[in-house]
Each structure stands twice: as C-alpha cells, then as structure tokens.
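K.L.:
Give me coordinates for this.
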Amino acid sequence: MKIDNTIAECFVYTEREGALSPIGHDLKLEATDFTVEVSADTIVATFEPNLKVVGAMKGGALDTSELSAKDRKKIEDNIRKEVLGARKYSEIKYTSDSVSRTESEVAIEGKLALHGQT
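P.N.:
Down below sits the predicted model:
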C-alpha cells in the first residue's frame, strides 16, 4: 500500500530547548511532500526536506496567529537550509526494521537517514 500527501497528512512538532528557548517557539510543522510504502512487514517513508510552518504551539494548543507570514517564511527557510541542509541532502528516509502489532497499538522500530547519515 502506498500513502502520500494527496491522501494523508504528516505533522512534526518541535519543542524549544537551551539558553535561547525563552525567545523561540514550539512549532507545528507539516511535511508537504512524502510517500509511505507499507508492506506486510516493512514500512519505508520518504520525505522531501520541505516543512511548512502551520503555527506556534502554546500550552499544547495550536495558535496560527502567533507568527506573521514573514516569520513563517524565515523559519521555513532556516529549517530547509540550516537544519535539514536541503541543497545537499534532498531526502529524509525512515526504514522500519520491525513492525509489531497488538490489538490496540503498532510499534515500529527502524532507521532514520538524515543528512546522509543513518
């Protein structure tokens, strides 16, 4: 089975840490271009390094008015260039090593390839 951004959504949540955390934002980001291939025992998810800022998280709730359009663009550019290195690394990939299921949950263990490292 193939799942992609035309039929599903994928969100990434960030949390501030460190000395500069009082001036940063916890963010909700959307992966805008991805595919997930699911077989009986393997899951392979591939993401383009393009994340869209949905908004800031405040007390666990989404606040879409906290950031201006200019702030969102600046954050997106910084994530793409400085954090993900999108020019050099055009793909983020997760490959499962094992998938186990119970009646109420699925546990997936695997490897993440980011910045050319697994």
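
K.L.:
I'd like the next helix or strand past the one helix or strand residue 53 maps to.
P.N.:
Residue 53 is part of strand 51-58, with elements assigned from DSSP states H and E. Counting by DSSP H and E, the next helix or strand C-terminal to strand 51-58 is strand 61-63.

K.L.:
Run me through the strand neighbours of the strand holding residue 53, direction for each.
P.N.:
The sheet places strand 51-58 alongside strand 26-31 (antiparallel), strand 61-63 (antiparallel), with pairing taken from DSSP bridges.

K.L.:
next one: stretch 50-58 to chain centre, how far?
P.N.:
10 Å (Cα atoms, centre = their mean, to the nearest Å).

K.L.:
ok, and what's touching it?
P.N.:
Here stretch 50-58 makes contact (Cβ atoms under 8 Å, 6 or more residues apart in numbering) with 11-13, 25-33, 62-67, 72, 75-76, 79-80, 84, 86. Bear in mind the C-beta positions are built from the backbone N, C-alpha and C, glycine included.

K.L.:
Kindly supply the ChimeraX command isolating those of the residues you listed that are buried.
P.N.:
Entered in ChimeraX, the line below selects the buried ones among the contacts of stretch 50-58, by 16 or more other Cβ atoms under 10 Å:
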select :25,26,27,28,29,30,31,67,72,75,79,80,84,86
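
K.L.:
in whichever strand in the chain runs longest, what's buried?
P.N.:
The longest strand of the chain (DSSP state E) is strand 92-101. By neighbour count with 16+ other Cβ under 10 Å, strand 92-101 contains the buried residues 92, 94, 96, 99.
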